[in-house]
Each structure stands twice: as C-alpha cells, then as structure tokens.
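In: What follows is a predicted protein model with its sequence.
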Amino acid sequence: MKLYDFKYAVSPMRVRMFLGEKGIAIDGSQGIELINVDMMKGEHRSPEYRAIAPNGLVPSLVVTDNTVLQETMAICRYIELEHPENPLLGSSALEQATIEMWQRKMEMELMMPTAMAFRHANPMAKMLEDQVPEYGEKMRERAKQRMNILNKELANKTFIAGDTFSVADITAYCSIKFFKKLSDTPILPEQENLQRWYDSINTRPSIAWL
Ligand SMILES: N[C@@H](CCC(=O)N[C@@H](CS)C(=O)NCC(=O)O)C(=O)O
C-alpha cells in the first residue's frame, strides 16, 4: 500500500500517529510505503498527484487493488479493521459512539479553528489560502476558547474520550502540537489539566512516527 504523506501537515500526521499506536512500521517493511508529497513545493497540486487524488489533499492511501482512500478518518478506520488489536476506535457500541463523538468534537471544534488561524492569519500559509486575516483571528480566539473548555473537561479524565487512549486523543494532540506555534495557540500556564494530558501523550512511543 502507498500512503501519500507530508511530514509538515496535520492530517497525514494523524494517520502516522495512528499507525504508530498500532505498531505498524512506515519504512515499507510492513506493507506501507510512505510517499512524500511536498506541499511547500506545490506537489499536491501536480498533475501526477491529482491523477491519484483529484482534490489535491493529503493523506491518500492507495490499497492493494489500487482503490484510493482519502479522508483521515476513513483511512484510520480501514487500518483499524485490518489491524483490530489495540482498538483506537472503541470496541462496544457505546465505546465506539463515545469515541466518534469526541473525535468529531476535536476535529470540528479544535483542529478546524487552529488550522484556519494558521491558513488565514499566518503569512507562511499564503500559498495555501486566499487569506482573510480577520477570519483567521476569529478562529484563533475560537480555538483558545475550546482549549479552555478542554482543560475543564480533562479535570477528571485521563484521556479525551475517558479512560482509554483513542483516536480522539490523536486528533487533539496533533492539532495542538502542529499549530501551537504556527497559529499562536499554546497551552496556557493555567490550563494544568490540558498540559498534564499533553505531557502524558508526549511520552507515547507513537510520537516517533511524527
Ligand atoms: N478532510 C480531509 C482534509 C485533508 C486536508 O485538508 N489536508 C491538507 C493537509 S493537512 C491538505 O492537503 N491541504 C492542501 C491544500 O489545502 O491545498 C482529511 O481529513 O483527510
């Protein structure tokens, strides 16, 4: 299988961390070959990459029968079903629904505003976006508010979705790690629960995949 990836982009980062949690190597030795699509050089918009992914977005996973899977969560679900040990999407019906709920909240309420703050308010992202800086600033504020709420939500929880590490932690961790400097959305000194959670995720072996 070929995983079209870019090291410096949050969505492919989530897939790599998911693979890391499953212990699946990304050096080709376990059937996944990583192909770098250098977004800084505009390779995601090249005719070669668009032939695989017409929308020009990464990640894409080309599975053995040449089917192209896009969308981070669809790729993660495929990996989970192929490698069900150490489930990251939950086991029971209630676990699966709870993890889905938190993953979606983290994607829509944390990743999207941090990403939009970068894309619209950071001059480094000019080549990616027809920038509207005011919108970027609003999104930065929204991300900060969401991190405040997350700090409170983590007061009595080890992980985002409860007692077990899940894909919701991957989405939240990658959003904070990737955008904290690019979007100026750091964890604040008073956000102690959020910092404790972040530090605990930082010690996981899957970090080596990032
Ligand atoms: N919904 C997609 C989003 C993928 C996406 O937006 N990828 C970004 C990198 S994080 C990208 O390829 N951006 C290229 C562009 O905006 O031109 C997913 O979850 O995989």
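Out: Noted; the coordinates are in hand. Numbers count the residues shown, from 1 in each chain.
In: Report the mean confidence score over the lengthiest helix in the chain.
Out: Determined from DSSP state H, the single longest helix within the chain is helix 133-153. Helix 133-153 comes out with an average pLDDT of 98.
In: Which positions in the chain make contact with the ligand?
Out: 9-11, 39, 44, 56-59, 71-72, 128 (CB under 6 Å from any ligand atom). No exception for glycine: its C-beta is placed from N, CA and C like everyone else's.
In: Just the buried ones from the residues you listed, in PyMOL syntax?
Out: To isolate the buried ones among these in PyMOL, judged by 16 or more other CB atoms under 10 Å, type:
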select buried, resi 9+10+11+39+44+56+57+58+59+72+128
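In: Farthest-apart pair in the residues of the chain next to the ligand, please.
Out: Using CB to CB, the pair of the residues of the chain next to the ligand lying farthest apart is E71 and L128, separated by 18.7 Å.
In: on that earlier part again, restricted to helices, list the residues of the chain next to the ligand.
Out: Members of those lying in helices (criterion: DSSP H): 10-11, 72.
In: Show the contacting residues for the spatially closest residue to Q30 that is not a sequence neighbour.
Out: What sits nearest to Q30 in space, not counting adjacent residues and going by CB to CB, 6 or more residues apart in numbering, is I24, at 5.2 Å. Taking CB atoms under 8 Å, 6 or more residues apart in numbering as the contact definition, I24 lies against 30, 32, 79, 83.
In: which SSE is the closest residue to E107 other than its chain neighbours in?
Out: Residue nearest to E107 in three dimensions, not counting chain neighbours: T171, with 5.4 Å by CB to CB, 6+ apart. Secondary structure assigned from DSSP states H and E places T171 in helix 167-182.
In: re earlier: just checking, what packs against the longest helix of the chain?
Out: The criterion is 3 or more CB pairs under 8 Å, 6 or more residues apart in numbering; DSSP states H and E, and the helices and strands that helix 133-153 contacts are helix 112-121, helix 167-182, helix 192-202.
In: Which among those is found nearest to T98?
Out: helix 167-182 (8.8 Å).
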